[in-house]
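In: I'd like to go over a predicted model; first the sequence, then the structure.
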2 protein chains.
Amino acid sequence: MWLNTTAQTALRAVLYIAEQGAAAPIRVDDIAKAVGGPRNYLSKTLHVLAREGVLRSSRGPGGGFQLVEPPAALTLARVIGPFEPADDRRCLVGRPHCGDANPCQAHRRWSSVAHQVESFFGDTTIADLFVAPVQLTRARHPAPSTRKEPPHARSTR
Amino acid sequence: MWLNTTAQTALRAVLYIAEQGAAAPIRVDDIAKAVGGPRNYLSKTLHVLAREGVLRSSRGPGGGFQLVEPPAALTLARVIGPFEPADDRRCLVGRPHCGDANPCQAHRRWSSVAHQVESFFGDTTIADLFVAPVQLTRARHPAPSTRKEPPHARSTR
DNA sequence: CGAATTTATCATATTCTCATGATGTTAGCA
DNA sequence: TGCTAACATCATGAGAATATGATAAATTCG
C-alpha cells in the first residue's frame, strides 16, 4: 500500500545486508535469494543506492554490497527515497497551486498526518528494524555463510 | 505522493460537485473543466463512484452527477477507496508472512502511523474540505450557472 | 417521432513500473 | 596473461495506469 515494490525490496535488501554484519560484502545472488527479488533488477536497484552513498559496491571475487554507514545512522528515508516519485510535498489532491505555502483545505488538514509519516521514515533507522539478532543466547556463530570460499587460502580478511 | 492521479482527480471532482450545492446534476464537461482531468477518463472514474453508491448519474439534457449523501456524511475513504489497490494491511516492506498478526519489526513500528493515516481518510468528510462557501455574507446567488439552457423553439422539423 | 443532450463504453495509444536474459566491465589471483 | 567471479548495463517485453477519440445508449422535450 505504502511503498512500491522496488522500494520495499530495496528496504528488505538493506535490512538483510545490515543483519549479516559489516564483515564482508554480500553478493547480489545471496541477497536476491534471501529477500526474494529478481537478481538483475535487484542489482540495478542496489546500484542506485550505491550512487546515493548508502551502499558501497565492489566487483570481482569477494565483491558485493556493503553498508557505508552503521545501521543506526541509516534512516529508512535514505533507503526508500530514491524510489519514490520525487514530487513530494505537493497537495494531497493534486491541486496545482497548492503546497505547504498557500495550502488548500485538504492540504491543511492532511499535512499534520503527512508530517507524522515523514517523521517515521526520517527518524526510524535500519538498526531499529533489526530482527534482534539473538540478543539473549549470544549464539552469533561465525556466520554459516553460504559464501563459496575461493579455491585457495584467502588471507585478505 | 499519497494518492494516484485517478484517486486525486476523483476527490477533486467530488469536492467540486459538493461545492456546487445539491440543486442540480453537474455535467462531466463542467467538472472536467473545473478540476482538470480528461473528460472521458473522468466519466469512467465517476461512473465507478456511481456504482459504489457515492454518486448518482443521470443522462440526457439536464443530466450529470450528484452526490447521493450530504457532504458531511461522505468520508474521503469512500471516495478514494475504489481507486486504491485493494491489498491493504500487509507488511510495510512486503514480507510474505507478516501482517497485523505476527508482525515483523518494521510492521510493528509502522502500524501505529498507518493507523493514523487510515483514520484521517476514514474520519474526514467532504464537508470538512469545503472551500467555505461564503458562510458569512450569505451571498448564495442563484448560481451564475454556465449551464447552457436547452435551445428554445428550434423546430427544424 | 425525432433531434439534441448527456453519460456509457469500446478500441486504441502512451507512459511507467517491473522483470528477464544476454552481454559488457571490473577485479582478484594464479 | 588469462581465467573466473562478481557487479553493470543494454535490449526487450509484459502489464498496469493513464489518456484519447469514436461510437453507443439513454433521456428530455418540442
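Out: Looks like it came in fine.
In: so is stretch A:11-20 next to DNA strand D?
Out: No - using Cβ under 7 Å from any atom of the strand, stretch A:11-20 stays clear of DNA strand D, coming no nearer than 10.3 Å. C-betas here are computed from N, CA, C, even on glycine.
In: quick one: that stretch near chain B?
Out: Yes - counting by Cβ under 8 Å from any Cβ of the partner chain, chain B has neighbours in stretch A:11-20: A:11-12, A:15.
In: nearest to DNA strand C among these?
Out: Closest approach to DNA strand C among the residues of stretch A:11-20 next to chain B (Cβ to the nearest atom of the strand): A:R12, at 11.7 Å.
In: now do the contacts for the closest one.
Out: A:35-37, B:93-95 (Cβ atoms under 8 Å, 6 or more residues apart in numbering or on different chains).
In: ok, residues contacting stretch A:123-131?
Out: By Cβ under 8 Å, 6+ apart, stretch A:123-131 touches A:14-15, A:18-19, A:67, A:70-76, A:79, B:104-106, B:109.
In: ok, now with 6 Å
Out: A:15, A:18, A:71-72, A:74-76, B:105-106 (Cβ atoms under 6 Å, 6 or more residues apart in numbering or on different chains).
In: about what we covered before: of the contacts of A:R12, grab the buried ones for PyMOL.
Out: Selection of the buried residues among the contacts of A:R12 in PyMOL, burial being defined by 16 or more other Cβ atoms under 10 Å in any protein chain shown:
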select buried, (chain A and resi 35+37) or (chain B and resi 93+94+95)
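In: any chance of the contacts of A:R12 in CSV with pLDDT as columns?
Out: As requested, the contacts of A:R12 are arranged in CSV below (pLDDT from 0 to 100):
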residue, pLDDT
A:V35, 93
A:G36, 91
A:G37, 89
B:V93, 87
B:G94, 85
B:R95, 84
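In: hey, C-alpha coordinates of the top helix by length along chain A in PDB?
Out: Counting residues, the longest helix in chain A under DSSP state H turns out to be helix A:105-123. Presented in PDB, the C-alpha positions along helix A:105-123 are these (Å, rounded to 0.1, in the frame of the first residue of the first chain):
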ATOM      1  CA  GLN A 105      -8.300  23.000   3.000                       C
ATOM      2  CA  ALA A 106      -7.500  19.400   2.100                       C
ATOM      3  CA  HIS A 107      -3.800  20.100   2.300                       C
ATOM      4  CA  ARG A 108      -4.000  21.900   5.600                       C
ATOM      5  CA  ARG A 109      -5.900  19.000   7.300                       C
ATOM      6  CA  TRP A 110      -3.700  16.400   5.700                       C
ATOM      7  CA  SER A 111      -0.300  18.000   6.300                       C
ATOM      8  CA  SER A 112      -0.200  17.200  10.000                       C
ATOM      9  CA  VAL A 113      -0.700  13.500   9.300                       C
ATOM     10  CA  ALA A 114       1.700  13.600   6.400                       C
ATOM     11  CA  HIS A 115       4.300  15.100   8.700                       C
ATOM     12  CA  GLN A 116       4.000  12.200  11.100                       C
ATOM     13  CA  VAL A 117       4.500   9.800   8.200                       C
ATOM     14  CA  GLU A 118       7.500  11.700   7.100                       C
ATOM     15  CA  SER A 119       8.900  11.600  10.600                       C
ATOM     16  CA  PHE A 120       8.500   7.900  10.700                       C
ATOM     17  CA  PHE A 121      10.700   7.400   7.700                       C
ATOM     18  CA  GLY A 122      13.100  10.100   8.600                       C
ATOM     19  CA  ASP A 123      13.600   9.100  12.200                       C
END
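In: and for the closest residue in space to A:D29 that isn't next to it in sequence, the neighbour number?
Out: The shortest distance from A:D29 to any non-neighbouring residue, by Cβ to Cβ, 6 or more residues apart in numbering or on different chains, is to A:R39 (6.3 Å). A:R39 has 13 neighbouring residues, counting by other Cβ atoms under 10 Å in any protein chain shown.
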